[in-house]
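Novice: Would you be able to build a 3D model of this:
(one chain, ligands or ions: 1)
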Amino acid sequence: MKNTFVVGSRKSQLALTQTEWVIEKLKKLYPNIRFEIKEIVTKGDKILDVTLSKVGGKGLFVKEIEQALLDGEIDFAVHSMKDMPAEMAEGLTIGAVPEREDPRDCLISNQDYTIETLPIGAKVGTSSLRRAAQIVAYRPDLKIESIRGNVNTRLSKLETDGLNAIILAAAGLKRMNWQDRITQYLDVDLCLPAVGQGALGIQVRENDQETIQMLQYIDDQETRMIISAERALLHHLQGGCQIPIGAYARWQNDQIHLVGMVAAVDGKRILKAEATGSKEEAVSLGIKVANQLLQQGADQILAEVKEGK
Ligand SMILES: NCc1[nH]cc(CCC(=O)O)c1CC(=O)O
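Specialist: Numbers count the residues shown, from 1 in each chain. This is a model prediction of the structure:
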């Protein structure tokens, strides 16, 4: 085996922490191999002042990294699964999906408010349409403020922008060892997570058997299967991370239970569907739940979001 692998990563602190976590796992298995990180700036990192749904285009956080893979500048890349578009670039594949971190969203409030105790009309920061819709459905009085930027920036905006709370993925905070900042974990019934939230996807060239073989030992099959159910749902709904779609699959008595959600941006309509299936049916389970959502009218909601209504 070659003795150095070049690993692509976005350069945000969270992305680098995740990449280092993967490298630590690999180093335990392969103590004599060197892993070199190559930092790559993506379009999503550059455009920090616009709501992502308005920027349009899928894969804002991954395109430049995928190109580096295709050009052979890097051997593999560590992504947040949540940032991966439903459709992957040709010639690339996910070589490993390590065990999932906490999939939930969480509330961070300097005044220790919970979603239940926030004062009437309180300001809650999030740039995610999915989070905004579900929060407003639960607490219609709350004012949603758009905040972009990486996790550090968003935490500082809590103070500088006079927000009462912000919503973030618990996984990012836990990975950075900032879980002390979490005021409340939001139950998945209240705020269904994004597809793949809390999981990492390690992307490789489809024909790079050496790297694929090396990575297989950090693949967690149970995570991979539930993620494939969630991603099949996303794919069937033709969604990206910029539309209010949620999905959460978990293991229940050796079967996969999948819940899917499509929300109108104003939170006035929240469609949910669920189903259970065997692990061999992970992908068809995703399609089944997506079809149930479409039957309930999800296609109309998605069309409205895309038209920017
Ligand atoms: N798009 C930003 C992004 N991509 C992945 C994570 C967190 C880690 C994860 O969900 O795996 C975040 C930040 C957030 O949503 O709070």
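Novice: going forward, measure contacts and count neighbours with C-alpha atoms only.
Specialist: Will do.
Novice: any idea which helix or strand carries the nearest residue to Ala232 once chain neighbours are set aside?
Specialist: Of all residues not flanking Ala232 in the chain, Gly286 sits nearest, at 4.8 Å (Cα to Cα, 6 or more residues apart in numbering). Using DSSP states H and E, Gly286 sits in helix 282-295.
Novice: mind checking how far that helix is from the chain centre?
Specialist: With Cα atoms, centre = their mean, to the nearest Å as the basis, helix 282-295 stands 19 Å off its chain's centre.
Novice: Contact partners for the closest residue to Thr183 other than its chain neighbours?
Specialist: Of all residues not flanking Thr183 in the chain, Ile108 sits nearest, at 5.0 Å (Cα to Cα, 6+ apart). Neighbour list for Ile108: Ala165, Ile166, Ile167, Leu168, Arg181, Ile182, Thr183, Gln184 [criterion: Cα atoms under 8 Å, 6 or more residues apart in numbering].
Novice: Kindly report the same for Gly201.
Specialist: Contacts of Gly201 (Cα under 8 Å, 6+ apart): Val78, His79, Ser80, Met81, Ile94, Gly95, Ala96, Val97, Pro98.
Novice: Which two of the residues you listed have the greatest separation?
Specialist: Ser80 and Gly95 (13.7 Å; Cα to Cα).
Novice: More neighbours: those two, which one.
Specialist: Using other Cα atoms under 10 Å as the criterion, Ser80 and Gly95 rank with Gly95 on top: 24 against 20.
Novice: mind checking pLDDT for the more buried one?
Specialist: Per-residue pLDDT puts Gly95 at 96.
Novice: and it, that one's in a strand?
Specialist: Yes. Judged by DSSP: H, G, I helix; E, B strand; the rest coil, Gly95 forms part of a strand.
Novice: gap between it and Glu222?
Specialist: 15 Å (Cα to Cα, to the nearest Å).
Novice: and what of Lys157?
Specialist: Distance, Lys157 to Glu222, using Cα to Cα: 36 Å.
Novice: hang on, the earlier thing: neighbours of the residue nearest to Ala232, just the number please.
Specialist: Neighbour count of Gly286, defined by other Cα under 10 Å: 33.
Novice: Provide a list of residues in contact with it.
Specialist: Counted by Cα under 8 Å, 6+ apart, Gly286 has contacts Ser228, Ala229, Glu230, Arg231, Ala232, Leu233, Leu234, His236, Leu258.
Novice: mind listing the strands for the stretch 51-200 of the chain?
Specialist: Listed in chain order, the strands found in the stretch 51-200 of the chain under DSSP state E, counting those that start in this stretch are 76-80, 92-96, 105-108, 123-125, 143-145, 165-169, 184-185, 200-205.
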